[in-house]
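**Q** structure, please.
(chains A and B)
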Amino acid sequence: MTQTDVRSRPDRGARIDGEIWRVSGPVVVATGLTDARLYNVVYVGEARLPGEVIRLDGERATIQVYEDTSGLRVGEPVEDTGEALTVELGPGLLGGIFDGTQRPLPTIAAVGDDPYGAPTIGRGLQVPSLDRERRWTFVPSVSAGDKVGPGDVLGIVAEPTAISHKVLVPHGVSGVVEETREGSFTVEEPVAVVGGEPVAMLRRWPVREPRPVARRLDPEEPLVTGQRILDTLFPVARGGTATIPGGFGTGKTVLEQSLAKFSDADVVVYIGCGERGNELTEVLEEFPELTDPKTGASLMGRTVLIANTSNMPVAAREASIYTGIAIAEYFRDQGLGVALMADSTSRWGEALREVSGRLEEMPAEEGYPAYLSTRLAEFYERAGSVVCLGADEREGSVTVVGAVSPAGGDFSEPITQNTLRLAGTFWALDTSLARARHFPAIAWGTSYTLYELDGWFDREVADGWSDGRAWALDLLQKEGALLDIVQLLGADALAPAQRAILATGRLMREDFLQQSAFDEIDAYCALPKQRHMLRVVRAAHEALVATVGRGAASEAGAAVPALREVSRMKYWPDEEAEGRASDLIERIRKEMEEL
Amino acid sequence: MSERSPNGMTQAIAGTNGRASLFSLERRTVGYVSGPLLVAGGAEGVGYNEIVDVVAPNGETRRGQVLEVEGDKMVVQVLGGTRGLDRPATKVRSRGEVATMAVGSDLVGRILDGSGRPTDGGPPLRPAAYRDVNGAPLNPYARAHPSDFIETGISAIDGLNTLVRGQKLPIFSGFGLPAAELAARIAEGASVVGEGEGDFVVVFAAMGVTHREAAFFRRRFAGSAALERSVLFLNLADDPSVERILTPRAALTAAEYLAWEEGRDVLVILSDITNYAEALREVSAAREEIPGRRGYPGYMYTDLASLFERAGRVRGRPGSVTQLMILSMPDDDITHPIPDLTGYITEGQIVLSRELDRRGIDPPIDVLPSLSRLMNAGIGAGKTREDHRQVADQLYASFARGRELRRLVSIVGEGALSDEDRRQLAFADDFEEKFVGQGVNRRSIEDTLETAWRLLGRFPPDELKRIKPETLERRQTMEEGL
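**A** Model prediction:
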């Protein structure tokens, strides 16, 4: 018995079949589907390939098919399911890896005892997203006679992870709890009866429809990422949106993966959308080995992977983004902080363009359809910090971080520009920084954040955080202007005080902003350590300015042995950062005073 | 490895639900012929993407591929070219199958045309199976992450942009640059180090190469000894351009068979991706599709990915498909759609530089824009050497700085430089000449790293910021011991 989350699901007895009239790439036109509604799922051809109705025109219905359409013939049958594209939600999602339409990839790969017996993905496979056999221990948190409404917690399922999975009263169901059952059940078995309706753990939800919430909140807390340039200079709020555009080789994927590993979210949904298969393999091999910095449990246990690699069918790529965000919203509704990484939204946009082209729609810029910005907005605006439905007023959030792969690394292209209108945080990746192996290659001159989070940092980490941040941004800006002059006239043209800025700017760039994603210690930098590292750079700058003020050469100041230790700061253990920073500041001051 | 029956043809016919009688039906209703396309009626029973025979009025049979079916019409791209076709006498014969490639171990040592038919006058092939040339996407869950170091013998690659088994790495070249020479050198010198040690089978697919280039490749890959471990697919510049769309797919299908079913390590070399993309654009334009950037079709990313993603390794199986593609950047422009989209799919890129080539540096690899995304997985203790990562980082940092200084010196002169800057400037020159410009000599990874240490020797230890103090100490004791 499957509990749907949809309020009213029409009960359609007779199925109206049509037949194929045209096939062109992933787009099929069928005749005879007179009763089909837009975005209904249909099965196309004798191979029963799933697809979605995307246009109705008189007799003809246009369908985007989620699998390779090779071999389809005119006249083959098309069957309307009468339902929209849905995801299955319930216990068993965490740690899972699914394709763009939520088919479980491990199930598809397994043949008998061999987990990798079928390494390629065949066509027309239909597998339930969540395991129907597996039993979960359900503990009710309501008792018979309680009155409940949508979003109230019915009970808890312990998953083999640090997260306890809340089973909520589905939308459209409310009334008095007539019965609850405790014990171990499959996802389809009823665990309670509410208002005369049996309720199981499994939910289904149409992916293109945002899940309802009680109300939205202003994002006020940062999503802590452990990446210095992000947390210190351009933090993103929990429930906010961020975009990472960058040409190839600038480190989008490494950064997205660092965020998936280290950000302090409860649940991470990682969508590999039209990207490389080997990158997802890397995540699959690496994440189970890593532990969640917050809970100490395996990182895979808080992660849901959606993998639709570039060689998998293009229409399923379009769907993968929605599948991912519907899953993210499901966990948000349980009162959790969810971070969603989409790598890359450009490939999603290209899937839109490809289907639009086959529909012979009038193109807007660079062949993209005119509704590109609307679709992007519909996706990004599903991020947010919210009060969930339910009597206990839980708060949850979905933070969206979307990578963009602009053609030619040129940010003026439509996807980057339309995304910038929506995203609250802009992390611009720069090809020249990447070529100089400055990673993360985030250009501090062009990146920004629109979230006002200084108050939180001053309150929760250390007073003076915002002051340090403002100083750092100012220094980098001054250094940038001076470097322009040096390019033209050489360093000799600068006054000693200006050369001090150049010296500190270099420390700032090499020893603070650069962070190695592959070094065991440096990959994650706790907030207090970030602050102490910045404190050292700032103290070094002040000592240098004082030295220059006394008439000493800035080169001599910049050459004191203590400054060499600055480059080792990254490798300080978090807990020693404070003590070692204070010692180092002391040494720097002393050595400069002796000049 | 795929689940389909070993003989693709049987399967396609078996899957037609009693409509087999329709096949090999001839249709005489050609309505339109232009460029690479032909539109014919009588499409009932013809499947999208299937292969058809187009019989010219003179009786000659050419292969065609169905690009679209609509009602009783089909749009066919004629792989053999449309010259000489007409409306009244041309016939289209359906076969009821998608394009297949005859695969088998006896392909090794053969020279074939662009659609996989032998042209070397040897005995007919005895295929073990027929496979769909489009392959089926590898399940990301069943992939094994490539992590076995391939020693190519070229310092700029082994030391700084390490290639691993199952990687796809293009060579971004320009017209007139020695990309073919580099690819041939890699193919000759490449060996897997560590587990599964051994030589590669080279599957070479030429798309639209000139007779001169083809002769070069034939000499290098089909010389007496090399041919025993090579398969050559040759689509020449004056062969029908549409056939180029089939060539890499046929080659990859052959490679996949050798890798997954025979457990061999296969190195696929595709040359030249630019010609392939041009053919794609030609067909797209003939179909009057809405173009993306610079007239290339909007699905070019997906199309290229369907080739390049066929590299990799599979869990629990021996064998691998490693891809090396040659791509000539039009006007040396790395932001042109072809290199741009390729770079987004491949796991890095090797970039050749015209300036280095003019200065006689061989191979002229520009290491700064070059990249291997899988390098980290393939290097380090047990694979190459423990200090590899740090040495590579230091070479990059010092060379990048040296290059920056070169620009500065050209404006303000050398007088303005500090001693450290001068060292870096001199290092950049040495690095290009001695490390990158190794000439034809093959270097082991050990030689490569030792060459690097010798070049870094000019810097005092505290200027080697990317190298950990422990490594420097160890290095010092080792050198003193010698």
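**Q** chain B contacts on the stretch 201-350 of chain A?
**A** With CB under 8 Å from any CB of the partner chain as the criterion, the stretch 201-350 of chain A comes near chain B at residues A:247-249, A:272, A:274, A:276-278, A:280-282, A:284-285, A:307, A:309-312, A:314, A:347, A:350. (Glycine included, C-beta is placed from N, CA and C.)
**Q** what helix or strand is the closest residue in space to B:Asp303 that isn't next to it in sequence located in?
**A** Among residues not flanking B:Asp303 along the chain, B:Leu280 sits closest, at 6.2 Å (CB to CB, 6 or more residues apart in numbering or on different chains). In the assignment (DSSP states H and E), B:Leu280 maps to helix B:273-286.
**Q** could I get the buried residue list for that helix?
**A** By 16 or more other CB atoms under 10 Å in any protein chain shown, the buried positions in helix B:273-286 come out as B:273-284, B:286.
**Q** of the residues you listed, closest to chain A?
**A** If you rank these by distance to chain A using CB to the nearest CB, B:Ser284 comes first, at 9.6 Å.
**Q** is it true that the closest one touches B:Pro297?
**A** Yes: assessed by CB atoms under 8 Å, B:Ser284 is found in contact with B:Pro297 at 3.8 Å.
**Q** mutual contacts of these two, please.
**A** B:Pro291 (CB atoms under 8 Å, 6 or more residues apart in numbering or on different chains).
**Q** re the thing from before, which elements pack onto the helix holding B:Leu280?
**A** Helix B:273-286 sits against strand B:201-209, helix B:300-308, strand B:320-328, helix B:337-345, with contacts defined as 3 or more CB pairs under 8 Å, 6 or more residues apart in numbering or on different chains; DSSP states H and E.
**Q** for B:Ser241, what are its contacts?
**A** Contacts of B:Ser241 by CB under 8 Å, 6+ apart are B:Pro36, B:Gly208, B:Asn275, B:Glu278, B:Ala279, B:Glu282.
**Q** please enumerate the helices of the stretch 351-500 of chain A.
**A** A:372-380, A:414-420, A:431-435, A:454-460, A:465-489, A:496-507 (DSSP state H, counting those that start in this stretch).
**Q** could you dump those into TSV with mean neighbour count, distance to B:Arg93 and mean pLDDT added?
**A** Formatted as TSV, the helices of the stretch 351-500 of chain A follow (neighbours: other CB atoms under 10 Å in any protein chain shown; distance: least, CB to CB, whole Å; pLDDT from 0 to 100):
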stretch	mean neighbour count	distance to B:Arg93	mean pLDDT
helix A:372-380	18	43	95
helix A:414-420	22	44	95
helix A:431-435	19	52	89
helix A:454-460	15	72	96
helix A:465-489	15	67	92
helix A:496-507	20	71	91
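**Q** got these as JSON lines, with distance to B:Ile154 columns?
**A** JSON lines is the format used below for the helices of the stretch 351-500 of chain A (distance: least, CB to CB, whole Å):
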{"stretch": "helix A:372-380", "distance to B:Ile154": "43"}
{"stretch": "helix A:414-420", "distance to B:Ile154": "36"}
{"stretch": "helix A:431-435", "distance to B:Ile154": "20"}
{"stretch": "helix A:454-460", "distance to B:Ile154": "49"}
{"stretch": "helix A:465-489", "distance to B:Ile154": "34"}
{"stretch": "helix A:496-507", "distance to B:Ile154": "33"}
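**Q** figure out which of those is closest to B:Thr162.
**A** Nearest of the helices of the stretch 351-500 of chain A to B:Thr162, taken as CB to CB: helix A:431-435 at 17.7 Å.
**Q** just the element for the residue sitting nearest the centre point of chain A, please.
**A** Nearest to the geometric centre of chain A sits A:Met341, at 1.6 Å (CA atoms, centre = their mean). Here A:Met341 sits within strand A:337-343, counting by DSSP H and E.
**Q** and the stretch 201-350 of chain B, which residues reach chain A?
**A** Checking the stretch 201-350 of chain B against chain A by CB under 8 Å from any CB, the hits are B:260, B:289-293, B:297-299, B:301-302, B:305-306, B:309-310, B:312, B:314-317, B:335-337, B:340-341, B:343-345, B:347-349.
**Q** quick revisit: in contact with the residue nearest to the centre of chain A, which residues?
**A** Taking CB under 8 Å, 6+ apart, one finds A:Glu256, A:Leu259, A:Ala260, A:Val268, A:Val269, A:Tyr270, A:Ile271, A:Val401, A:Ala403 in contact with A:Met341.
**Q** looking at those, which is nearest A:Val194?
**A** Nearest member of these to A:Val194, counting by CB to CB, is A:Val269, at 28.5 Å.
**Q** does the closest one count as helix, strand or coil?
**A** strand (DSSP: H, G, I helix; E, B strand; the rest coil).
**Q** what count of nearby residues applies to the closest residue to A:Pro561 other than its chain neighbours?
**A** Once flanking residues are discounted, A:Pro561 sits nearest to A:Glu591: 6.7 Å by CB to CB, 6+ apart. A:Glu591: 17 surrounding residues under other CB atoms under 10 Å in any protein chain shown.
**Q** tell me the contacts of the residue nearest in space to the middle of chain B?
**A** Residue closest to the mean C-alpha point of chain B, counted by CA atoms, centre = their mean, is B:Met325 at 2.5 Å. B:Met325 sits next to B:Lys168, B:Leu169, B:Pro170, B:Ile171, B:Ile269, B:Leu270, B:Ser271, B:Ile273, B:Phe308, B:Thr342, B:Thr346 when contact means CB under 8 Å, 6+ apart.
**Q** swap in 10 Å and give it another go.
**A** B:Met325 makes contact with B:168-172, B:179, B:183, B:205, B:248, B:268-273, B:276, B:304, B:307-308, B:311, B:342, B:346, B:349, according to CB atoms under 10 Å, 6 or more residues apart in numbering or on different chains.
**Q** compute the first-to-last residue distance for stretch A:226-237.
**A** 14 Å (CA to CA, to the nearest Å).
**Q** just give me the longest helix of chain B.
**A** Counting by DSSP state H, the longest helix found in chain B is helix B:388-412.
**Q** is that helix anywhere near chain A?
**A** Yes: using CB under 10 Å from any CB of the partner chain, we find that helix B:388-412 touches chain A at B:389, B:392-393, B:395-397, B:399-401, B:403-404, B:407-409, B:411-412.
**Q** narrow those to those that are buried.
**A** B:389, B:392-393, B:395-397, B:399-401, B:403-404, B:408-409, B:412.
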